[in-house]
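Chemist: Need a 3D model of the following:
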Amino acid sequence: MDQQLFTKLLFCFLTIFKLCIAAQSDHTLSPNQTLVDGQLLISSSKIFELGFSSPANNTRRFLVIRYRNTPDVFVWLANRETPLTGRQGRLTLTNNGSLILTSPHLTTTLWIPSSDATVSSPTLQLLDSGNLVLTGDKQGTYLWQSFDYPCNTRLPGMTMTVDRAKYLTSWRSSNDPFPGEYSYGISNEGLSQIVVAKGKKKTYRTVFWNNEFVGFPNLGERAWMTEATSRKGRLVSVTNPIDDPGITRITLNPGGMVERFMMNERRDGWTSMLASPRDSCEVYGKCGGNGICKVYMTPICECLKGFRPRAETE
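Modeler: From the prediction side, this is the model:
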């Protein structure tokens, strides 16, 4: 083989190899770099990873953030409503800062700068908090972040606000991440509260009163502390402080139950610490406006004094 041709081929091979290794082991993506199916962005402490994956018993591909030690647990999906077929997905950060997800049959723009904006030195980075952030040349400023577009999981440091874009939505089923029937977010209709709803029907709530959540169980761990912001007595935002990243998560499951999980000591599995509603009596309006719910009774509902059930079976 001609020595000059060999040198060129070797240079091309080493360049491609270097790019692949960087994409598989680095926590950042630079302008005009592409993350393809099979490559990963890994947070600096190796807690979270970003890559293409599929839920169990599902052949469609999604760009997901998941735990590195428990890769079956997805905390965020870029394309939960537009899954890819095949393994030809690509995430590209363009020179002007656009973030584009492509496959042979689909193009999805995750973020694009406004026409009058100039983005210098864009960088996509996966943080140890599980937040995927796009930064420019301004220190400490995020042009875009995955925490602003939650799916079914709330992580420490993620803020839930009254803005309807900042609430959780369940998966349609355990292996289908398409938005399901249930939502979990802040409501200021009547009393300020955090509400689980099936469509528009409220199924569970925690009331915010006098700057605290009434009836909210205290697990005695800083990891479960909730920081709330209110304005004129109305709930504005709720967040959990970042203490030990990757240890806790709150998930809204397909059946409308909110579960709080803690990673075990071996860091290879999860323990459910709390599930709400905890029993049938915590289901909102279970016994109607004039009923009392007693979980130890059969039936569990009884009427207030002076009222009677509409039907004996109730």
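
Chemist: For the residue nearest to residue 68 when sequence neighbours are not counted, which residues are in contact?
Modeler: Closest residue to residue 68 apart from its sequence neighbours, by Cβ to Cβ, 6 or more residues apart in numbering: residue 49 at 4.9 Å. Using the backbone N, CA and C atoms, a C-beta is placed for each residue, glycine as well. By Cβ atoms under 8 Å, 6 or more residues apart in numbering, residue 49 lies in contact with 40, 41, 42, 43, 65, 66, 67, 68, 71, 126.

Chemist: Just checking: what are the partner strands of the helix or strand hosting residue 49?
Modeler: In the assignment (DSSP states H and E), residue 49 maps to strand 48-53. Counting by DSSP bridges, the strands paired with strand 48-53 are strand 41-42 (antiparallel), strand 62-67 (antiparallel).

Chemist: Spell out, range by range, the helices that occur in the stretch 1-150 of the chain.
Modeler: Counting by DSSP state H, counting those that start in this stretch, the stretch 1-150 of the chain has helices at residues 3-25.

Chemist: Any regions of it where pLDDT drops low?
Modeler: Filtered on pLDDT under 70, the stretch 1-150 of the chain yields the residue ranges 1-25, 115-116.

Chemist: give me that answer again for 80
Modeler: Where the stretch 1-150 of the chain drops to pLDDT under 80, the residues are 1-25, 114-118, 137-140.

Chemist: longest strand of the protein?
Modeler: Longest strand in the chain, counting residues (DSSP state E): strand 176-187.

Chemist: Beyond that strand, next helix or strand please.
Modeler: Note on strand 176-187: by DSSP H and E, the next helix or strand toward the C-terminus is strand 193-198.

Chemist: gap between that next one and the chain center?
Modeler: Here strand 193-198 shows a centroid-to-chain-centroid distance of 17 Å under the convention Cα atoms, centre = their mean, to the nearest Å.

Chemist: Parallel or antiparallel, which strands does that strand pair with?
Modeler: In its sheet, and by DSSP bridges, strand 193-198 pairs with strand 176-187 (antiparallel), strand 201-209 (antiparallel).

Chemist: Which residues belonging to the longest one are considered buried?
Modeler: Right, strand 176-187. For strand 176-187, the neighbour count (16 or more other Cβ atoms under 10 Å) marks 176, 177, 180, 182, 183, 184, 185, 186, 187 as buried.

Chemist: re the thing from before, mind putting the contacts of residue 49 into TSV with distance to residue 291?
Modeler: Formatted as TSV, these follow (distance: Cβ to Cβ, whole Å):
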residue	distance to residue 291
40	53
41	52
42	53
43	49
65	43
66	43
67	42
68	48
71	46
126	49
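
Chemist: From those residues, pick the one nearest residue 162.
Modeler: residue 65 (24.7 Å; Cβ to Cβ).

Chemist: Burial check on the closest one, number of neighbours?
Modeler: If you count neighbours by other Cβ atoms under 10 Å, residue 65 ends up with 24.

Chemist: Which strand residues bridge it?
Modeler: Applying DSSP bridges, one finds that residue 65 bridges with residue 50, residue 76.

Chemist: Could you measure from it over to residue 139?
Modeler: Note on residue 65: its distance to residue 139, by Cβ to Cβ, to the nearest Å, is 24 Å.

Chemist: where are the low-confidence patches of the stretch 201-314 of the chain?
Modeler: Ranges of the stretch 201-314 of the chain meeting pLDDT under 80: 209-226, 233, 241-246, 279, 288-290, 295-297, 300, 305-314.

Chemist: which residues does residue 190 contact?
Modeler: Counting by Cβ under 8 Å, 6+ apart, residue 190 makes contact with nothing.

Chemist: go on, the one 5 residues further on?
Modeler: In this structure, residue 195 makes contact with 184, 185, 186, 187, 202, 204, 205, judged by Cβ under 8 Å, 6+ apart.

Chemist: what's the domain layout of this structure?
Modeler: 1-146, 150-278, 279-314 (automatic domain parsing).

Chemist: So what's the gap between the shortest one and the chain middle?
Modeler: This means domain 279-314. Offset of domain 279-314 from its chain centre (Cα atoms, centre = their mean): 35 Å.

Chemist: ok, now stretch 137-156?
Modeler: 10 Å.

Chemist: how long is that stretch end to end?
Modeler: Its start and end residues considered, stretch 137-156 measures 26 Å (Cα to Cα, to the nearest Å).

Chemist: Not counting residues beside it along the chain, what's closest to residue 152?
Modeler: Nearest residue to residue 152 in three dimensions, chain neighbours excluded: residue 252, at 5.0 Å (Cβ to Cβ, 6+ apart).
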